[in-house]
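1. Prediction below, plus the sequence it came from.
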Amino acid sequence: MKILSVASEVFPLIKTGGLADVAGALPIALAGRGMQMRTLMPGYPAVMQRLGTVEVVATFDDLLGEPARILATMHEGLDILVLDAPGFYDRPGGPYTDATGKDFVDNWRRFAALSFAGAEIARGVLPDWQPDLVHAHDWQAAMTPVYMRYTGLQHIPTIITVHNLAFQGQFGADIFPDLGLPPEAFTVEGLEYYGDVGFLKGGLRTAWSITTVSPTYAHEIATPEYGMGLEGLINARAPDLVGLVNGIDTAVWNPETDTHIARTYAAGSLKQRAVNRQALAERFSLVQDAGPIFCVVSRLTWQKGIDLIAETADWIVEQGGKLAVLGSGDQGLEGALLAAASRHRGRIGIVIGYNEPLSHLMQAGADAILIPSRFEPCGLTQLYGLRYGCVPIVARTGGLADTVIDANEAALSARVATGFQFTPINAEGLQHALRRAFKAYNEPKVWARIQNQGMKSDVSWENSAAHYADLYSSLLSRV
Ligand SMILES: Nc1ncnc2c1ncn2[C@@H]1O[C@H](COP(=O)(O)OP(=O)(O)O[C@H]2O[C@H](CO)[C@@H](O)[C@H](O)[C@H]2O)[C@@H](O)[C@H]1O
């Protein structure tokens, strides 16, 4: 089976968040099941620099206003198609924002172009490869099924995966004439969204099937509380919606072989973690005492509940805990955390920025990872935590609820507990979970049992890849 995946970021070529991890790991997991997935992504400067040998497989004189080419290459086992369109992608900044962090004003055109190219590949513009099915990720690729629907390709199955409904790609109606679509695409059956153009809305309306990244989130987004205005549409499409929990790349995230950590270890040699713990404490200038180190690796945003961390930081220190935070994002939250760190030197350490190797050391050295998200479609850092014996303390929402087994009395005695969950999602809820975590931490046998059980959890792609493969097959059987 030939599948085209379309995504705006793919690890290890470029990553700003969890989407990249998933877009980079799923093709490899599917390869073992006889599926050939090629991934179309934009040629940002960071991507172009990393490419080895490329072959030009298609050219466009005018792709929504710019000349463009599609380059084919293999990169660390991934079959990549790069959309090389310098007018759209060759500029300083990140994938979506300029160097000052502001969204590019032409993001609608940049990602409509990506989607347009995806639809052209589905039409057969590559010399010897045409996909049987197209799988688009998030709003940046969501126009792919829209273009396919309105340009005569509706017979090819399409899937849109929602990694985060909060990001919808909504733009003024004035862009519509430049999208190269027939007028009927700007109706409630297509792109029209409260008078605007909604890229994700259009994808959700036109794709054959919708997936999101956990069963709980699939239920949640059908409610006004989590639906972000799209709950009506999500409900209407409920028969075509499924929640499939993400896996992680267990080769990249493997404490037995990880080259980013100070000492490798396995479930049977958890004592070796102490070396990583010490390296972590040094990196964050934390005192070396017996109190637990809680870490946070996250975008620093309201979604991720980082304000709850700031609110709880003093209390954690009072209880004898330490806090190591790696992340960047909202300036107010960065400021609040930096202020907490300067109040508690040696007890709270903050690194502002994005640092992939350091994120590995944190999972390998911290005792627990805090994830107090207000909503969390799946969450990956709790899965890394499980794999690394870094006990996850999570809000009971979305994929966090689906992947962590709360250490309540029953789960502890049945030896199935892998972490701590809390609700309501506020500072009191978090403190309550932390109180339970401190107690367990002070009973080394109990803590080790939770760590060990977590390390036994299946966080690989095996299960999910099988579900995706079944979904692809069932869609193809409808052709
Ligand atoms: N400062 C930093 N330095 C280094 N690494 C950092 C970092 N900040 C974050 N990361 C890394 O970025 C990734 C973030 O993953 P999350 O699951 O939290 O996803 P995110 O909210 O980006 O994505 C969305 O998509 C994913 C994938 O489907 C869903 O799991 C999630 O719920 C949804 O919100 C992790 O690999 C994490 O280690």
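-> Looks like it came in fine. Numbers count the residues shown, from 1 in each chain.
2. Tell me if I'm right that residue 196 and residue 171 touch.
-> Yes. Between residue 196 and residue 171 there is a contact at 6.3 Å, judged by CB atoms under 8 Å. For every residue, glycine as well, the C-beta is placed using N, CA and C.
3. Please name the residues that touch the residue nearest to residue 175 when sequence neighbours are not counted.
-> In this structure, residue 175 finds its nearest non-sequential neighbour in residue 108, 5.2 Å apart by CB to CB, 6 or more residues apart in numbering. Contact analysis of residue 108 by CB atoms under 8 Å, 6 or more residues apart in numbering lists 169, 171, 175, 197, 199.
4. any idea whether residue 108 is helix, strand or coil?
-> At residue 108 the chain is in helix, as set by DSSP: H, G, I helix; E, B strand; the rest coil.
5. Would you agree residue 123 is in contact with residue 153?
-> Yes. Using CB under 8 Å, residue 123 is in contact with residue 153, at 6.0 Å.
6. returning to that earlier point: of residue 196 and residue 171, give the one with the bigger neighbour count.
-> residue 171 (19 against 16; other CB atoms under 10 Å).
7. Contact partners for that one?
-> Residue 171 touches 108, 196-197, 199, counting by CB under 8 Å, 6+ apart.
8. again, only using 10 Å
-> 107-109, 112, 179, 191, 193, 196-199 (CB atoms under 10 Å, 6 or more residues apart in numbering).
9. quick one on the thing from earlier: wait, which of the contacts of residue 108 is closest to the ligand?
-> residue 169 (14.7 Å; CB to the nearest ligand atom).
10. and which of the contacts of residue 108 is nearest to residue 355?
-> residue 169 (28.1 Å; CB to CB).
11. follow-up on the earlier one: spatially, which pair of the contacts of residue 171 is furthest apart? Let me know, please.
-> 109 and 193 (17.7 Å).
12. So the two - more neighbours on which side?
-> Set residue 109 next to residue 193 and count neighbours by other CB under 10 Å: residue 193 wins out with 24 against 21.
13. Could you measure from that one over to residue 179?
-> 14 Å (CB to CB, to the nearest Å).
14. Next: residue 144.
-> Distance from residue 144 to residue 179, by CB to CB: 13 Å.
15. Residues that sit against both of those two, list them.
-> With CB under 10 Å, 6+ apart, residue 144 and residue 179 have common neighbours 112, 115-116, 199, 202.
16. Would you mind giving those as TSV with distance to residue 299 added?
-> Formatted as TSV, these follow (distance: CB to CB, whole Å):
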residue	distance to residue 299
112	25
115	24
116	29
199	21
202	26
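17. And the residues you listed, which is closest to the ligand?
-> residue 199 (16.6 Å).
18. The closest one: neighbour count?
-> Count around residue 199 with other CB under 10 Å applied: 28.
19. circling back to that earlier point, any idea which of the shared contacts of residue 144 and residue 179 has the most stuff around it?
-> Result: residue 202 is most packed of the shared contacts of residue 144 and residue 179 (other CB under 10 Å), 31 neighbours.
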